[in-house]
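1. sequence unknown, structure follows:
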Ligand SMILES: Cc1ncc(C[n+]2csc(CCOP(=O)(O)OP(=O)(O)O)c2C)c(N)n1
Ligand SMILES: Cc1ncc(C[n+]2csc(CCOP(=O)(O)OP(=O)(O)O)c2C)c(N)n1
Ligand SMILES: [Mg+2]
Ligand SMILES: [Mg+2]
């Protein structure tokens, strides 16, 4: 029978396995070695592997990203952790101008095997600067791989794959996903780049949920059953390289696509998926598309506004129902205890 | 009869007009006051307005962006200049985490009227780190306006509008556009946010060209006449807020859309335009779409590869011809002297 | 409701102090007020009425109070997510602060900022950011504008020892020196960034030394002494207004009594000990200043403050949450 | 073709030096070679055969040469877009450098880097970047890996005075001190960032002082003296290999004779004067070292170098441009 772990435990186990396997793997970032150990994802590793391999850093996101790159040029495989994705904005020059480009601009003579873990925050007043999902920036730039696992199983398999990948990988977590539980084999398996997963079958509409929104999409699917709509839910898992084929195959069947991103829509992952599916199916199949994501504003901390800022299972279900039935149906499912959003309680 | 100015002169004149009109406008950035004066766009302004209002800065993109924000909070209207857009990656935290959010996260009690000028480089071996068009990053984040004028007329009108705008405006230039000449009125006119321009009429296909690619699209249109294809060319001018209506109206007529961006396509401006036009016209009008942009690699400096990296008038014409005729026509127009790409000669 | 409740100094004045102990009364009023507000925040926190993380300054109040009591109303301060003390010491509106923590539309940011983004432009509190170090250059830019406008107002940049790890700290100091700005940098050094000690983050761990290397006159104040802080910063503001070119730098050693974020203590976590905290608690400036005041007067200050705090929490409770329509306002300022 | 042409030291040795003047021969060979390569680059430039901007080191060679001649082949250097001198001094392959400037597939980056991104990993040239300051933390990360691997190799980070304006400079120094890295920072201070003087960018303008404030032993070498540079850096490498913890810092005052980018002079632009340049030109280290060598020997070094250079430009001319198919390779390394 399956072993059940939390997402946090899965990330920690993947790190432990890779550090145990390969002495070139090192782990650093602000507070990775403190008592809270990044929600527990790095718990015990400093003791087990020592301060040379696991260490907290100064608040120097720009330089520490450069340090990770430099160490990787010398053959190490650094995992660099950031407790908030928002802080990556201080590391953009090293990520975009160097990590993504080093192999190419040096004519293939080097590689940059780094993993950059960062977490998207939500709720409990995280507000403007602790809530951003900026993964589309990294999808935009050639030379970076981007992964946003949503289950403990994928969290472990993708992290192992990321560490073993010889290229820079942006590993995107979500604070609320950390609380997810699920089956996780003990073996050192990988969930390799470029393959999406159909997480629930359906014929009426294809529902693509990115990062935390994958959970809301799966809940939305259950709400949609109430109105007889069968949604196929897809988790892209890897955003770059993106498995467009799996999405296209589904939409070819359903003829309808709704992409729900845990980020803004303009020039976001949802725009990319809608655009590429449209390009691929034009002429072959008429398709209806819809994008959902953050409201086009800064994230407000106050609950009444925050609730309106994010899509959730009910608003997704309503929009998908309208998409499938071809117009506003005025249906919004009633709250259901069994489909309640886990609320991550502050303080964080 | 019209007065003809270069893009460089137009930018300089707009700055001069606004600085003359409003003592709260200041201009700074690396090398704005040196003999080369940012290609001449700031020539003479340091002498005319003095070192308090026009000054070169340390190489400190992060802090100087914060300085611009802080000065704007005190009522000044800074224009902050960067000779390469790539260097903005060092300023992302101030731009994304602060400038875009200050008004919202401070409940409307402040505003951040800054203009950030940056230039996209091309050719002459600019290569990996001097060639990026990263405007989609700024389109993605609510709270920023983004403009990429392509003519001297718009360069002046958009810069005046940007300086007078009470919000942060990312003003995107292109090193090759600097050499463009065109009619520029002497008056202090504005080209306000949110309005695109149809730069050439046509009924067969809608061709949207962003930044420098607008020039290549207009040339492509002339090539396309050789094969009887009449392309309507649109310059969005303002990328945020984006005038989707004008593009949709055109595509409603033509039924075909090709977006050519001066940047990468994945999660780029071309993805956004294709996705939103598709959303808007689905059900109403069948549409064929195509995206073009940088090849999904790092920009190589060597000419043979750089030529393949960028779309140009001929490759655009070929792709649009295929789009219109509904399949590969195997037609690539022959070079034409009158439609030669201006080559900006190094060293720069 | 901005200004409905008096600033600390106003309260003290309203109590007609004997001139000699006037300063003590002002400092005590501000210290006591901040301490009590944060104790109330901590008390209410478990009820989940506060919809925001809270980074308490309990134990560190002396820095904000000593500095801000040396400023004029037209002077300006920038701070961090840990800015309750700075906000109140500079005269930020208490009602609107508590309402902001409650996420109410009457908050200083209409509930759109939360406790990490306190602002009260009318009282010179120009903002606080949750991204470490990001407001330091804002202070420099603001000071540049003041100098350009020939104003004699002064800007103070508050930040922690962790912010000194960031490159922007250095870039900002360099620019401030280059332009000789009317700016005072105040590093609130509580030895920790979350749970990581300064010595684990800084190879040399001498923040004043770094400031001096950039050309700033820098002074470390080791003992959290509010009177000394006030006197030394007062000397700097005096010099700046008298035309001495800035900037100035103060490294103020202090200590956070509570956990990094949240209402509780965290000595059980083991990254620091109660013994380390003990001398700071013995040297508590609230108690120290209280002892300098004649009891009757102290009592009246306390009463005034307590009723002001009761009123502020009541105000927050009674205020409404923003309507959903508020979601889309304040993205851009329209011409 | 990596290694087909000998490194400066190899050339000098091949000329069987009398031990005493061995060092002088090595230094002269490297200095002369770099000077002549860049003179050739400047001569060819107007023909547009070089498909890249060129940031010449003419006048600054002594720094790269003095430092690199004190290093071992297994030591590693990181540099900037102005790295022709560093690349050659460290033993980077000349043929592949010229081919890279020509954009040929035989270049050290297959034509995908250009003159601003020279690399020759086989000879410890680990890369150069066009974004100022960006390779400084790479050097620190590489040094961290060496220390972790218990290697006794050393890393040198080359950067300009402009890079010292950037926050990453400070962040990197701090990390290097915190981790006591086997790393030598070498600031090539030519007083200018493009046309902006250090004094117009740095309020205090004392880069060594900044390094010391971070806890580094820092030394300024004022006169571009290649022998002194070599001796002082040699002392640092010796100490590091003997187990003295790093890092070390050197600020090397030098002067750029040509324009910031391109093959010409720029004294006519007026941001600097010929008079400012004159003493540096009189103190030219190429001429100085030439004078220390016995003429016959000097002549043989020159001949060897000249034929090497002729061969390198011929190699670049004859090499082909990359095929279009090369556009899509080297984005990712496949497992
Ligand atoms: C740029 C950035 N990196 C990391 C964090 C996470 N973080 C939040 S508070 C904090 C500690 C800051 O310490 P310090 O500046 O000393 O302020 P204190 O909390 O002690 O008042 C850190 C690392 C952040 N908010 N911003
Ligand atoms: C981050 C960044 N900002 C600005 C530039 C533009 N730029 C190119 S070279 C240069 C001057 C750098 O001066 P210095 O570091 O002293 O090196 P030098 O050219 O004198 O060798 C500048 C500002 C850049 N390349 N990168
Ligand atoms: Mg601290
Ligand atoms: Mg220089």
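-> Done, it's in. Just so it is clear, the model here is predicted, and its values are computed rather than measured. Residues are numbered from 1 along each chain as shown, chains lettered A, B, ... in the order given. Ligands and ions are numbered 1, 2, ... in the order given.
2. in what helix or strand does residue A:289 lie?
-> Element membership for residue A:289 (DSSP states H and E) is strand A:288-292.
3. check whether that strand contacts chain C.
-> No: contact of strand A:288-292 with chain C is not found when judged by CB under 8 Å from any CB of the partner chain; the minimum separation is 15.2 Å. C-beta: built from backbone N, CA, C; applies to glycine.
4. I'd like the mean pLDDT over that strand, please.
-> For strand A:288-292, mean pLDDT rounds to 98.
5. One more: stretch C:75-89?
-> Stretch C:75-89 comes out with an average pLDDT of 98.
6. Tell me where the chain has helices.
-> This is for chain A. A:7-21, A:45-49, A:61-73, A:92, A:102-105, A:135-140, A:152-164, A:213-225, A:244-254, A:269-281, A:303-309, A:313-325 (DSSP state H).
7. not what I meant, chain C
-> Counting by DSSP H, chain C has helices at residues C:8-14, C:19-44, C:61-68, C:84-89, C:94-101, C:136-148, C:167-178, C:207-213, C:226-241, C:274-282, C:285-292, C:295-318.
8. what's next to the shortest one, contact-wise?
-> With contacts defined as CB atoms under 8 Å, 6 or more residues apart in numbering or on different chains, helix C:84-89 is touched by C:8, C:30, C:33-34, C:37-38, C:41, C:54-57, C:60-61, C:63-65, C:67-69, C:77, C:79, C:94, C:97, C:115, C:118, C:120, C:125, C:128, C:158.
9. Listing partners with orientation, what would you give for the strand holding residue A:289?
-> Strand pairing for strand A:288-292, using DSSP bridges, gives strand A:256-260 (parallel).
10. just checking: which of the contacts of helix C:84-89 also lie near chain D?
-> Among the contacts of helix C:84-89, none lies close to chain D by the criterion of CB under 8 Å from any CB.
11. show me what contacts residue 303?
-> All of this refers to chain A. C:51, C:103, C:321.
12. how about residue 213, what does it touch?
-> Reading this off chain A. Residue A:213 touches A:260-262, A:292-293, A:311, A:316, counting by CB under 8 Å, 6+ apart.
13. Chain C was what I was after
-> Residues near residue C:213 by CB under 8 Å, 6+ apart: D:204, D:206, D:209-210, D:212-213.
14. hmm, back to that, taking their axis directions, the strand holding residue A:289 and helix A:244-254 sit at what angle?
-> Here strand A:288-292 points in a direction 120 degrees away from that of helix A:244-254 (axes from the mean of the first three to the mean of the last three CA atoms, to 10 degrees).
15. Is stretch A:37-57 in proximity to ligand 1?
-> No: on the criterion CB under 6 Å from any ligand atom, stretch A:37-57 is out of touch with ligand 1, staying 9.6 Å away.
16. And the average pLDDT for that stretch is what?
-> Rounded mean pLDDT across stretch A:37-57 is 98.
17. and it with chain D, contact?
-> Yes: counting by CB under 8 Å from any CB, chain D has neighbours in stretch A:37-57: A:52-53, A:57.
18. Report the buried members of the residues you listed.
-> By neighbour count, with 16 or more other CB atoms under 10 Å in any protein chain shown, the residues of stretch A:37-57 next to chain D hold A:53, A:57 as buried.
19. From the residues of stretch A:37-57 next to chain D, pick the one nearest chain B.
-> Nearest to chain B among these, counting by CB to the nearest CB, is residue A:57 at 16.9 Å.
20. Kindly report the residues of chain C close to ligand 1.
-> When proximity is defined by CB under 6 Å from any ligand atom, chain C lies next to ligand 1 at C:82, C:130-132, C:160-163, C:190, C:192-194, C:260.
21. Which among those count as buried?
-> Using 16+ other CB under 10 Å, the buried ones in the residues of chain C next to ligand 1 are C:82, C:130-132, C:160-163, C:190, C:192-194, C:260.
22. coming back round to it: for the contacts of residue C:213, which two are the farthest from each other?
-> Greatest spatial distance in those: D:204 and D:212, 12.3 Å, computed using CB to CB.
23. Please name the nearest non-neighbouring residue to residue C:68.
-> Closest residue in space to residue C:68, ignoring its immediate chain neighbours: residue C:89 at 3.7 Å, by CB to CB, 6 or more residues apart in numbering or on different chains.
24. Now do the one you found: how many residues are near it, please.
-> 31 (other CB atoms under 10 Å in any protein chain shown).
25. shouldn't residue C:73 be in contact with residue C:91?
-> Yes: assessed by CB atoms under 8 Å, residue C:73 is found in contact with residue C:91 at 6.5 Å.
26. Compare these two (neighbour count), which wins?
-> residue C:91 (24 against 12).
27. Next, find the distance separating that one from chain D.
-> For residue C:91, the distance to chain D (CB to the nearest CB, to the nearest Å) stands at 32 Å.
28. before we move on, back to that, most neighbours out of the contacts of residue A:303, which is it?
-> Going by other CB under 10 Å, residue C:103 tops the contacts of residue A:303 with 31 neighbours.
29. Who are the contact partners of that one?
-> A:125, A:301-304, C:51-52, C:111, C:114, C:321.
30. pLDDT added to the residues you listed, as CSV?
-> Below are the contacts of residue C:103 laid out as CSV (pLDDT from 0 to 100):
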residue, pLDDT
A:125, 87
A:301, 96
A:302, 97
A:303, 95
A:304, 95
C:51, 82
C:52, 87
C:111, 97
C:114, 96
C:321, 98
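31. Compute the distance between the closest residue to residue C:228 other than its chain neighbours and residue C:232, please.
-> Leaving aside its sequence neighbours, residue C:228 sits nearest to residue C:221 (CB to CB, 6+ apart; 6.0 Å). Counting by CB to CB, to the nearest Å, the separation of residue C:221 from residue C:232 is 6 Å.
32. now residue A:18
-> Counting by CB to CB - residue A:18 and residue C:232 are separated by 52 Å.
33. What of residue A:139?
-> 52 Å.
34. More neighbours: which of those two?
-> Neighbours were counted for residue A:139 and for residue C:232 using other CB under 10 Å; residue A:139 has more, 24 against 18.
35. With the flanking residues excluded, which residue is spatially nearest to the residue in chain A that ligand 2 sits nearest to?
-> Residue nearest to ligand 2 within chain A: residue A:93 (7.2 Å; CB to the nearest ligand atom). In this structure, residue A:93 finds its nearest non-sequential neighbour in residue B:89, 3.9 Å apart by CB to CB, 6+ apart.
36. From ligand 2, how far out is the residue of the stretch 151-300 of chain C found nearest ligand 3?
-> Nearest residue of the stretch 151-300 of chain C to ligand 3: residue C:160, at 3.7 Å (CB to the ion). Distance, residue C:160 to ligand 2, using CB to the nearest ligand atom, to the nearest Å: 27 Å.
37. OK, contacts around the closest residue to that residue other than its chain neighbours?
-> The spatially closest residue to residue C:160, leaving aside those adjacent along the chain, is residue C:188, at 5.4 Å (CB to CB, 6+ apart). Neighbouring residues of residue C:188 by CB under 8 Å, 6+ apart: C:60, C:63-64, C:82, C:158-161, C:252, C:254.
38. Apply 6 Å and report the result again.
-> Neighbour list for residue C:188: C:63, C:160, C:252, C:254 [criterion: CB atoms under 6 Å, 6 or more residues apart in numbering or on different chains].
39. Same list, the contacts of residue A:213, but as TSV with distance to ligand 3 and neighbour count please.
-> Shown next, in TSV, are the contacts of residue A:213 (distance: CB to the ion, whole Å; neighbours: other CB atoms under 10 Å in any protein chain shown):
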residue	distance to ligand 3	neighbour count
A:260	39	31
A:261	36	28
A:262	31	31
A:292	40	23
A:293	36	23
A:311	37	23
A:316	41	26
